[in-house]
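K.L.:
model this:
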Amino acid sequence: MSILVTGFTGNTGQEVAKKLLEKGASIVCAVRNPEKARNQYGAHYNYVELDYSRHETFDTALEGIERIFLMFPPETQFSDFHAFINKAKEKNIRHIAYLSVKDVQYMPFIPHYKNEKQISMSGIPYTFLRAGYFMQNLNLFLLDEILLNDRIYVPAGRGKTSFTDVRDIAEIAARSLTEEETHFGKKYPITGNHAIDFYEVARLMSSVLDRPIRYSNPTTKEFKAYMLTKGLDSKYINVVTALHMVTKIGLAKGITDIYHKITTDQPTDILTYIKDYKETFIKSNKN
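P.N.:
Next up, the predicted model:
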């Protein structure tokens, strides 16, 4: 029996897959297009088709599966995602490790709040990985502005956030899915060791990259208008804005020692992350 890894073509899912393989687990990577994924990521992973909007893919995706690392794609309809959770219950899945958001219990306006509730109601044993702000947002969602305009562009004000490396989240996810009962029913708020604002992030990036990176600190109105000109979906922009508003008003600075308690190691700090991903932030890498 295997572990199904959803979100494999994204940053976190791939890291979880790597960690699980390192621990000797049998995994299957759920993707919309297995052939495309095999060509892009290699044949050393096993792939299966999973498309939440096509419920007929559910049975095959869950064949031979007993545990799931579950992620919620932002474009997915609740009805489709919850139908998959119900199918997982029908298939006697024995554990779901769900990637959620730190302090989700105070944010009923974001999808993870409803998804956690649905998983709890299903009766499937769960582990909720309530992650802090991803460091890797800098090399994903925020990368375009860093490369083109040498700036970090989010409406977070001077608020501090407890940046978290997805590689650390993946380690907790992999342990949750391979150690199982120890983690059943747990809700882990996963953070780094320090809370800093985006001005400090810009300063650290400037130092490592040897070029000035600034934090623009746009207003919410400016941010939304600019992101619309870049062609982003308005619903997605609203969710991103709301998440950064949590930082702006000072609710994202909380720090936990969950990573150290589970692994006995210290979480990755943001300076290490910037150095590790330095090549990504070099302008010549922008096509």
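K.L.:
List the contacts of Pro108.
P.N.:
Contacts of Pro108 were listed using C-beta atoms under 8 Å, 6 or more residues apart in numbering, and they are Lys114. The way it works is simple: take the backbone N, C-alpha and C, and place the C-beta from them, glycine included.
K.L.:
immediately after the helix or strand harbouring Thr241, which helix or strand?
P.N.:
Thr241 belongs to helix 234-248 when elements are defined using DSSP states H and E. For helix 234-248, the following helix or strand on the C-terminal side (DSSP H and E) is helix 258-263.
K.L.:
who's in contact with the helix or strand following that following helix?
P.N.:
Once the chain leaves helix 258-263, the next helix or strand it forms, by DSSP H and E, is helix 270-276. Applying C-beta under 8 Å, 6+ apart, the external contacts of helix 270-276 come out as 135-136, 138, 163, 165, 192, 194, 196, 201, 204-205, 208-209, 281.
K.L.:
let's go with 7 Å and repeat that
P.N.:
When contacts are defined by C-beta atoms under 7 Å, 6 or more residues apart in numbering, helix 270-276 is touched by residues 135, 163, 165, 192, 196, 201, 204-205, 208.
K.L.:
Compare these and tell me which is most surrounded.
P.N.:
Within those, most neighbours by other C-beta atoms under 10 Å means Phe163, with 27 neighbours.
K.L.:
Phi first, then psi, for that residue.
P.N.:
phi -60, psi 140 (degrees, to the nearest 10).
K.L.:
OK, contacts around it?
P.N.:
132-133, 135, 192, 196, 270.
K.L.:
what's the answer for Pro189, then?
P.N.:
Pro189 touches 102, 130, 256, 258, counting by C-beta under 7 Å, 6+ apart.
K.L.:
For it, which residues count as its bridge partners?
P.N.:
Per DSSP bridges, the residues bridged to Pro189 are Arg130.
K.L.:
Would you mind measuring from it to Leu70?
P.N.:
Using C-beta to C-beta, to the nearest Å, Pro189 is found at 18 Å from Leu70.
K.L.:
what's the answer for Leu20, then?
P.N.:
The gap separating Leu20 from Leu70 is 14 Å, by C-beta to C-beta.
K.L.:
who's more crowded, these two?
P.N.:
Neighbours per residue (other C-beta under 10 Å) separate Leu20 from Leu70, with Leu70 holding more: 27 against 23.
K.L.:
hmm, back to that, so which of the contacts of helix 270-276 belong to helices?
P.N.:
Counting by DSSP state H, the part of those found in helices is 201, 204-205, 208.
K.L.:
Okay then, goodbye and thanks.
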